[in-house]
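> Kindly generate the corresponding structure for this input.
(2 chains)
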Amino acid sequence: MAVMDDVLAKGRESCYKARDTFYTCLEKEADKKPTEVATVGLLYPAECKKSRDDFVNSCRPTWVKHFDRQYCAKNRVRRLLDNDEFRRGPIALPQPYTFKP
Amino acid sequence: MLRLMCPKASSMIFRSSILRNRSVSSPSFQCRGYAKAPNYKDGRMIRNILEEEEESSTSQSWRNYIIPAAIVVLVGAGAFIHNNDEKRAILKGSERSTGIGKADTNKPAIGGPFKLFDTKNHLVTDSSLQGNWILLYFGYTSSPDVGPAEVAKMAKAIDILESQHSLKIKPVYITVDPQRDSPDQLQAYLEEFDSRIIGLWGTSAALRQIAQEYRVFFKKVDEEGQDYLVECSQNMYLVDPNMDALRCFGTEYDASQLADGILHEVKKATK
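Numbers count the residues shown, from 1 in each chain, chains lettered A, B, ... in the order given. Below you'll find the model as predicted:
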């Protein structure tokens, strides 16, 4: 079986670089309307389309999914910690279960 | 007037006479006793006293039985507990006590025999690794971020230990993804971090065995065609020269903390 180059140091480096470019673009263009669909329910504005393509091309699809999920989780935590009332995420406490026949 | 209100005037007279006799020295108390104490209460008190006297005479015979019975039960229970303690006690210097003293209760009860292959296809077993301090890590080469970071940490910690404390630890990397991690793949992957790291692989049955022995969890997730990720417990295990696992280190340790932890364990063991 041949050696998979994309998980070796060089492949990893290029993937990480493309990933970081995409997410910095996402942060920079945060005020734009997110229209494009990424993998795990993540949306991004059309301005980041190019870096997204680059990211998808230089990483394995499972890796892209993994990083998208990681980014979403990080964002969720950050929103919950936000002081700004408007931007703060949902505080969905578990509601008491009431039986309805 | 008080005497008229009292239902048991005769007993009241009797009681008041007692009171008066008792407290001759304090006439003020006597007055208060008449004015404030409700007379029916006094009546009840006397009744109670009378009843108690009656009861005590009947329960006297009960006590004759209860007290010896209670003593017998207490002595019996005491003797039983003492006997039980003696039976369970481990005498100083006996074989069992030394065995328990040697075993460190703090170390994880994991580990066991295994049969794997290194990247040169040589057989590696638990007995062939004996005599070395080993840092064991279970991972897979297609890991997106945690895997490479952990291996890099492992290489750095070993460098620190060898250069600063001249302590040699053998790093061992065991793949939990035998489907994709061929010996060549392992070799190429590990060489980039440190050529001293020994990569081990084996049949999926053998890997499942060692994973179970070291309580390592791994599961295929996020399948997309041929590609997938493996979710696994990212722990490093420090194994002593007798192949006993001493401690496990999670991802929360960085390289220097890991080196410190290993040094601490090694010092404790060789003392």
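
> And the strands in chain A?
A:36-37, A:43-44 (DSSP state E).

> same question, the stretch 151-271 of chain B
With DSSP state E, counting those that start in this stretch as the criterion, the stretch 151-271 of chain B has strands at B:170-175, B:198-201, B:218-224, B:227-232, B:236-239, B:245-249.

> And those, which one averages the lowest pLDDT?
Note on the strands of the stretch 151-271 of chain B: lowest mean pLDDT is at strand B:218-224, with a mean of 82.

> ok now that one, how far from the chain's centre?
Chain-centre distance of strand B:218-224: 34 Å, with C-alpha atoms, centre = their mean, to the nearest Å.

> check which helix or strand covers the closest residue to chain A within the stretch 1-150 of chain B.
Using C-beta to the nearest C-beta, the single residue of the stretch 1-150 of chain B nearest to chain A is B:Pro144, 4.4 Å away. Placement of C-beta: from N, CA and C, glycine included. Under the criterion DSSP states H and E, no helix or strand holds B:Pro144.

> tally of neighbours for it?
22 (other C-beta atoms under 10 Å in any protein chain shown).

> quick one: it from B:Ile134, how far?
26 Å (C-beta to C-beta, to the nearest Å).

> for B:Asp177, same thing?
From B:Asp177 to B:Ile134 the distance is 21 Å (C-beta to C-beta).

> Of those two, which one has the most company?
Taking neighbours as other C-beta under 10 Å, B:Asp177 and B:Ile134 compare with B:Asp177 leading, 23 against 20.

> Quick check, the more buried one in contact with B:Ser142.
Yes. Using C-beta atoms under 8 Å, B:Asp177 makes contact with B:Ser142 at a distance of 6.6 Å.

> which residues do those two both contact?
Overlap of the contact sets of B:Asp177 and B:Ser142 (by C-beta atoms under 8 Å, 6 or more residues apart in numbering or on different chains) consists of B:Val230.

> Quick one: neighbours of the closest residue to A:Lys49 other than its chain neighbours, just the number.
With sequence-adjacent residues excluded and distances taken as C-beta to C-beta, 6 or more residues apart in numbering or on different chains, A:Lys49 is closest to A:Glu36, at 6.1 Å. Burial measure for A:Glu36: 13 neighbouring residues, criterion other C-beta under 10 Å.

> and A:Glu36, what does it touch?
A:Glu36 sits in contact with A:Leu43, A:Tyr44, A:Pro45, A:Ala46, A:Cys48, A:Lys49, A:Arg52, where contact means C-beta under 8 Å, 6+ apart.

> Among the residues you listed, which ones are in helices?
A:Lys49, A:Arg52 (DSSP state H).

> among the contacts of A:Glu36, who's most crowded?
Neighbour-wise, the contacts of A:Glu36 (other C-beta under 10 Å) top out at A:Cys48, 24 neighbours.

> what's that residue in contact with, if anything?
A:Phe22, A:Cys25, A:Leu26, A:Glu29, A:Glu36.

> where does the chain dip in pLDDT?
No chain specified, so I'll use chain A. A:1, A:83-101 (pLDDT under 70).

> wrong one, I was asking about chain B
B:1-59, B:92-106.

> What residues does it have near chain A?
Counting by C-beta under 8 Å from any C-beta of the partner chain, chain B comes close to chain A at B:141-145, B:148, B:180, B:182, B:184-185, B:188-189, B:192, B:222, B:224-225, B:227-229.

> In a markdown table, list the contacts of A:Glu36 along with distance to B:Ile197.
As requested, these are exported to a markdown table (distance: C-beta to C-beta, whole Å):
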| residue | distance to B:Ile197 |
| --- | --- |
| A:Leu43 | 41 |
| A:Tyr44 | 38 |
| A:Pro45 | 43 |
| A:Ala46 | 45 |
| A:Cys48 | 38 |
| A:Lys49 | 40 |
| A:Arg52 | 35 |
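
> Return the member of the contacts of A:Glu36 nearest to chain B.
Once C-beta to the nearest C-beta is applied, the member of the contacts of A:Glu36 that ends up nearest chain B is A:Arg52, at 17.2 Å.
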